[in-house]
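Q: Below is the structure, and that's it, no one-letter string:
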């Protein structure tokens, strides 16, 4: 076989093998992108106060542990309004994801908006990601000095 034919065969088979390896490496990145896309849709819905859309993205809406009425009351009673957000980190763990982001909120009693670090848990249910729970991330406090005595 000539070297040109060998080279062409190598290129031909490399064209078939490269996508196999690329697909093997891409699912975690692709799944992380799916989570981020879902989180953005959820937070965008909250920004424009589209509570119907946000509620449909709650795991409690799927498993029946959160009624629409309870969800709407929670947001209607909250004095804060989400103005903006920035996702910092998504940590994947099988069928769970932890999303760390900062949210900028307007509170009626504050003149200026306040930005707070947040953490939200997301779960995979029937192939789709759902918001499970959220909380304000606490800044780590320095440990108290050890008692020398």
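A: Arrived safely, thanks for sending. Fair warning: this is a prediction, and the values are worked out from it, not measured in the lab. Numbering: from 1, shown residues only.

Q: Could you identify the helix or strand that succeeds the helix or strand bottoming out on mean pLDDT in the chain?
A: Ranking every helix and strand in the chain by mean pLDDT, DSSP states H and E puts helix 3-47 at the bottom, with a mean of 71. Moving toward the C-terminus from helix 3-47, the next helix or strand (DSSP states H and E) is helix 51-56.

Q: Can you name the element that comes right after that next one?
A: helix 59-63.

Q: and that next one, what other elements does it pack with?
A: Applying 3 or more Cβ pairs under 8 Å, 6 or more residues apart in numbering; DSSP states H and E, we find helix 59-63 packed against helix 68-77, strand 114-125, strand 128-136. C-beta here means a position set from N, CA and C on the backbone, and glycine is covered the same way.

Q: try it again with 6 Å
A: Helix 59-63 is packed against strand 128-136, with contacts defined by 3 or more Cβ pairs under 6 Å, 6 or more residues apart in numbering; DSSP states H and E.

Q: Pull the residues that contact the strand it packs on.
A: Outside strand 128-136, the residues that touch it by Cβ atoms under 6 Å, 6 or more residues apart in numbering are 35, 38, 42, 57-59, 62, 116, 119-123.
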